[in-house]
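[1] next comes the sequence, and after it the predicted model I'd like to discuss.
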Amino acid sequence: MGASSFFDALFFNFDQSNEFMNIFKSIINSLKIIKANQNIEKIKNDFVAKQIQIHQLPKELKLFLENKTEFDFIGIYSKGDDCIYFAKTGNNLNIEYEAVTESQVPFYHKLKSFAFTNNFKIEEIANEGIPYLKIKTNTSIEETFLLAKKIQQDIFGNNDETKYDIVP
């Protein structure tokens, strides 16, 4: 074997091994992507919002006030338009509502009237053009529960059997 053919064979094998390594890396990367996608699907399938009925709300509000929830607010909703939020004010709570869709605007106005009728102060803000109502109830867990129950029944037409998802 002459010097020329030796170098040709050496570079040919080098090219083959490089090609083999590139294929091998590509397979490994593909397997990583498949595994990552499986993990994402598992997380999506595993995440289900906690559901409660209205009588279970005081327990959730207690956890919220004790900072045992993931976020600095919680809310409940059953069908979308009826989503009310609870915000801390010291050791008490306020009730809040956001009219994200056009179908929520009439409820926004009903909640505003509810606040005035019950002598609660309100604060209205627009969050990127979305009307947001803060009802300054400054109420205990039990009082907040009773107000939330009344709101859900009188304004949104829900009942004691309605199942609510906890937000977020």
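    That came through fine. Residues are numbered from 1 along each chain as shown.

[2] show me what the host helix or strand of K134 is packed up against.
    Using DSSP states H and E, K134 sits within strand 130-139. Where contact means 3 or more Cβ pairs under 8 Å, 6 or more residues apart in numbering; DSSP states H and E, strand 130-139 is packed against strand 84-89, strand 92-98, helix 105-117, strand 121-127, helix 141-150. Bear in mind the C-beta positions are built from the backbone N, C-alpha and C, glycine included.

[3] so what's the gap between the shortest one and the chain middle?
    Taking the mean C-alpha point of strand 84-89 and that of its whole chain, the gap between them comes to 15 Å (Cα atoms, centre = their mean, to the nearest Å).

[4] same deal with the second one?
    Between the mean C-alpha location of strand 92-98 and the chain-wide mean there is a distance of 17 Å, by Cα atoms, centre = their mean.

[5] tell me the strands beside it, with direction?
    With DSSP bridges as the test, strand 92-98 is paired with strand 84-89 (antiparallel), strand 130-139 (antiparallel).

[6] what does it rub up against?
    With contact meaning Cβ atoms under 8 Å, 6 or more residues apart in numbering, strand 92-98 is reached by 61, 64-65, 73, 75, 83-88, 104, 107-108, 111, 127, 130-141, 144, 147-148, 151.

[7] of these, grab the buried ones for ChimeraX.
    Per 16 or more other Cβ atoms under 10 Å, the buried members of the contacts of strand 92-98 correspond to this ChimeraX selection:
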select :61,64,65,75,83,84,85,86,87,104,107,108,111,131,132,133,134,135,137,139,141,144,147,148,151
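
[8] so where's the protein uncertain?
    Scanning the chain for pLDDT under 70 picks out 1-18, 20-21, 24-26, 28-48.

[9] redo that, cut-off 50
    43-44 (pLDDT under 50).

[10] per the record, what domains does it have?
    What automatic domain parsing lists as the domains of the chain is 1-47, 51-167.
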